[in-house]
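Asker: coordinates only, sequence not included:
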């Protein structure tokens, strides 16, 4: 089964965004589960190990959850008009390429060498935090 990941212009409401986010998280954990334990932490010649990638995604997801309420209440981020002008396809394509040359912020740079068990525990915590953030954000939007 092929999963279609929607980009921001293809998402019309917060519920659709939340469902898309959950689908991505489920697919990520399934992909991690398929990586053999003996190579999960093995560092390739170039780039990051699967463990480092998982930590980077965990840190990124956690920071998004902190940032989302600020964007939704208008205290951070772009206006609706500015968001419409962002070239999402180009940005997505650039960020999806390995070794794109884009420097990773320190806040989301992996510093540990987690095993799969730790990754699952961390993602569970992050997913719960994200879900709570989305629920609270959804209520804020409905109240407006």
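Answerer: Thanks, I have the structure now. Since the model is a prediction, treat every value here as computed from it, not as a measurement.
Asker: so who does the spatially most central residue of the chain touch?
Answerer: For the chain, the residue nearest the mean C-alpha position is residue 61 (4.2 Å; CA atoms, centre = their mean). Residues near residue 61 by CB atoms under 8 Å, 6 or more residues apart in numbering: 25, 123, 126-127, 130. C-beta: built from backbone N, CA, C; applies to glycine.
Asker: Out of the residues you listed, list just those in strands.
Answerer: Judged by DSSP state E, strands contain none of those.
Asker: Assign the residue nearest to the centre of the chain to helix, strand or coil.
Answerer: Following DSSP: H, G, I helix; E, B strand; the rest coil, the label given to residue 61 is helix.
Asker: got the buried residues for stretch 104-121?
Answerer: Of the residues in stretch 104-121, 108, 110, 114, 116, 119 count as buried by neighbour count, 16 or more other CB atoms under 10 Å.
Asker: Those residues into CSV, with extra columns for distance to residue 34?
Answerer: Output for the buried residues of stretch 104-121, formatted as CSV (distance: CB to CB, whole Å):
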residue, distance to residue 34
108, 24
110, 20
114, 17
116, 11
119, 13
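Asker: hmm, which two among those residues are most spread apart?
Answerer: Farthest-apart pair in these is 108 and 116; separation 20.0 Å (CB to CB).
Asker: Now do the helices in the protein.
Answerer: Here the chain has its helices, by DSSP state H, at 14-34, 37-40, 50-72, 80-84, 88-96, 116-143.
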